[in-house]
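# after the sequence you'll find the predicted model.
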Amino acid sequence: MWREGNSHFCEWMNEYAKLLGELDRMTKRMVFESYGVDMERCDCFIESSNYLLRCLKYRAPQMDEEIFGLQSHTDLTLISVVHQLNNLNGLEIKLKDGEWTGVDASPSMFVVMAGDALNVWSNGKIRPCEHRVIMNAKQTRYSTGLFSFYSKVMEIPEELVNEQHPLRYKPTFGHYDYLSFLDKEKIKEFYPRIQAYCGI
Ligand SMILES: O=C(O)CCC(=O)C(=O)O
Ligand SMILES: [Fe+2]
């Protein structure tokens, strides 16, 4: 809830946060449905999600500064919903073939990306989305991100484990514990870090 400042802004911000949250929940329902996981467990999964809404400001790079607003990374989240605000491109996503592709900044374009925790939930089937921010224009860039985290110990659905896809992760993934682990261990690359935390 946004309590400070102008009440119209607060109202607008609450509606905006609800919209981003709805995109997150729609995605979770789609994922459950498309992987044939019992939909009755989806509500519980959604109820066990916590959210962090961040507004991000990227200063225009100076003459001699590098153009990376954010280096290539995957998020530590279940799902991230990113919205580029001031019609300034910058977000780039790595495709399966290794090519980078830019996402057009437009008020109606929301980018939904899988993070590390969704990889664990899916027993490794959903790859976290590698992305970065490039600052080509000499302008300040604004974006928002709604980041979701899982508050319970992750249960990998039995529908996603079989002989071809044996269990890849120990059933001990705690999202906040994972964040503390990485805070200590400082492992940057997605696969080594998830493997070090709960790999089998
Ligand atoms: O600003 C953006 O477009 C992306 C932000 C992002 O990737 C992050 O905060 O993890
Ligand atoms: Fe990110």
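On my side now, so go ahead. Note that this is a predicted model, so its numbers are computed, not measured. Ligands and ions are numbered 1, 2, ... in the order given.
# for the rest of this, base every contact and every neighbour count on C-alpha atoms.
Noted.
# quick one, phi/psi of Gly145?
Taking degrees, to the nearest 10, you get phi -140, psi 130 for the backbone angles of Gly145.
# pLDDT score for the residue positioned nearest the centre of the chain?
The chain has Ser80 as the residue nearest its centroid, 2.6 Å off, counting by CA atoms, centre = their mean. Per-residue pLDDT puts Ser80 at 98.
# wait, a strand at it?
Yes: assignment of Ser80 by DSSP: H, G, I helix; E, B strand; the rest coil places it within a strand.
# now it: closest residue in space, sequence neighbours ignored.
Ranked by CA to CA, 6 or more residues apart in numbering and with sequence neighbours excluded, the top spatial neighbour of Ser80 is Phe147, at 4.6 Å.
# and the contacts of the host helix or strand of that neighbour?
For Phe147, the element it lies in under DSSP states H and E is strand 141-150. Residues from elsewhere that reach strand 141-150, judged by CA atoms under 8 Å, 6 or more residues apart in numbering: 17, 20-21, 24, 48-60, 77-86, 88, 117, 174-175.
# tell me the buried residues within those.
17, 20-21, 24, 49, 51, 53, 60, 77-85, 88, 117, 174-175 (16 or more other CA atoms under 10 Å).
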